[in-house]
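Novice: with the input below, show me the fold.
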Amino acid sequence: MSSIQTTEYKEFIKSIKERVQQAQIKASVKVNTVLLEFYWELGADIVDKQKTASWGSGFLKQMSKDLMLEFPNMKGFSKRNLELIRKWYLFYSEDNTIAKQAVSQLVQIPWGHNIAIFQKNSELTKALFYVQKTMENGWSRSVLVHQIESRLYERSGKAITNFSNTLPSSQSDLANELIKDPYNFDFLTMTENFKERELEQALIDNVTDFLLELGSGFAFIGRQKHIQVGEHDFYIDLLFYHTQMHCYVVVELKTVDFQPEFAGKLNFYIKAVDMQIKSDRDEPTIGILLCKGKDKMLVEYSLSDIHKPMGVSEYQLTHLLPDELKSSLPTIEEIELGLEKE
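Specialist: Here you go, the predicted model:
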């Protein structure tokens, strides 16, 4: 029997494959939801029995043994996992009003993600922030842990901006959530006196980590984006498009502390993008100024009369010692040898 190789047949098979994959994803999500709903009820039962029944401290150990005997192919009944289920339930059920809202979200992310979130956060609001962000962005567990350890919650929406005065309320709320302060570029190692072009190049060389730190929705357009105004040439450090806000984002890098004239230059670049690149379908262009440091009052004064939307944030990165200093400091081996002699 000869195989069918027509284009129509191949397209038919392709559509079937896509539907099977979609069904598999839906089934996986459904299984996860049902499992975590069971875990929540199981956590409630464990807590209740530990309060009301006189079964002693060995209750969970015995429970684990009996359940694994009954369900040898299920991994969720180890003593450690039962303890995690109990702690997970207690963590979110402390506040009944939050618990009702939380359960519907908790069951939508994998169990491993849930464990990482409640073990690494002691506050309910902070934990729910990471649950929500995981749902929105589809983070893997490693990315989630990175975001928690880099203190994303504390940094989100903390930049000084003029968004409330320059954007419609629906856009300004989104824009404020968009910008962090400070940005954590710990994936870069730079000598102390690095130049702006060196920082710019390092970020592009590590663009995957850079985009992760910027957050979801950023699409990289270009570096040193050329614009011409009159007879003069200008170059924007970094240009992005934000797919959720439907707007261009101009990012300017400074290796020094914020100065008022930086806001004026960024304002000019935003205007140029609005006039020359932005289409009628795009929302107003936003600017982000990343500086080594900033004086809060100086930034607020500088942005107060700026009519284009922009925010100012600091960035943090790892510094390498200059080569001339490295030779004057002891190596790890020399330090260890000195400790052995002591």
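
Novice: contacts for the helix or strand where E154 lies, please.
Specialist: Using DSSP states H and E, E154 sits within helix 152-155. For helix 152-155, the external contacting residues (Cβ atoms under 8 Å, 6 or more residues apart in numbering) are N121, K126, F129, Y130, K133, K180, D181, P182, Y183, N184. The way it works is simple: take the backbone N, C-alpha and C, and place the C-beta from them, glycine included.

Novice: identify the farthest-apart pair in these.
Specialist: Maximum pairwise distance among the contacts of helix 152-155 (Cβ to Cβ): 21.2 Å, between N121 and Y183.

Novice: with neighbour numbers in mind, choose between these two.
Specialist: Y183 (21 against 18; other Cβ atoms under 10 Å).

Novice: now K180. Its backbone dihedrals?
Specialist: Per-residue torsions, K180: phi -110, psi 170 (degrees, to the nearest 10).

Novice: run a quick neighbour tally on it.
Specialist: 24.

Novice: quick one: the strands in the chain?
Specialist: 160-161, 183-191, 218-229, 232-242, 247-253, 286-291, 310-320 (DSSP state E).

Novice: run me through the strand neighbours of the shortest one, direction for each.
Specialist: The reference is to strand 160-161. Strand pairing for strand 160-161, determined by DSSP bridges: strand 310-320 (antiparallel).

Novice: alpha carbons of the strand it pairs with, as CSV, please.
Specialist: The C-alpha trace of strand 310-320 is given here as CSV (Å, rounded to 0.1, in the frame of the first residue of the first chain):
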residue,chain,number,x,y,z
MET,A,310,9.2,57.9,31.6
GLY,A,311,10.6,56.2,34.7
VAL,A,312,14.0,56.3,36.4
SER,A,313,15.5,53.2,38.0
GLU,A,314,18.9,52.1,39.3
TYR,A,315,20.7,48.9,38.3
GLN,A,316,22.9,46.6,40.3
LEU,A,317,25.7,44.4,38.9
THR,A,318,28.7,42.4,39.9
HIS,A,319,32.1,44.1,39.7
LEU,A,320,35.4,42.6,38.7
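
Novice: distance from the chain centre to that strand, please.
Specialist: 16 Å (Cα atoms, centre = their mean, to the nearest Å).

Novice: residues contacting it, please?
Specialist: Counting by Cβ under 8 Å, 6+ apart, 159-163, 166, 175-176, 179-186, 188-192, 258, 263, 266-267, 270, 286-294, 299, 303 sit against strand 310-320.

Novice: could I get the buried residue list for stretch 179-193?
Specialist: I179, K180, D181, P182, Y183, N184, F185, F187, L188, M190 (16 or more other Cβ atoms under 10 Å).

Novice: first-to-last residue distance for that stretch?
Specialist: With Cα to Cα, to the nearest Å applied, stretch 179-193 spans 26 Å between its terminal residues.

Novice: tell me how many other residues crowd E213.
Specialist: There are 22 residues near E213, going by other Cβ under 10 Å.

Novice: for it, list the residues it contacts.
Specialist: S150, K180, Y183, N184, F185, F187.

Novice: L82 too?
Specialist: L42, I46, L60, M63, S64.

Novice: might one say that the last one is in contact with M74?
Specialist: No - checked against Cβ atoms under 8 Å, the pair S64 and M74 is beyond contact range at 11.2 Å.

Novice: between those two, which is the more surrounded one?
Specialist: More crowded of S64 and M74, by other Cβ under 10 Å: S64, with 17 against 12.

Novice: can you pull out the helices in the stretch 1-150 of the chain?
Specialist: Along the stretch 1-150 of the chain, counting by DSSP state H, counting those that start in this stretch, helices occupy 7-52, 59-70, 79-93, 96-106, 111-120, 124-137, 141-149.
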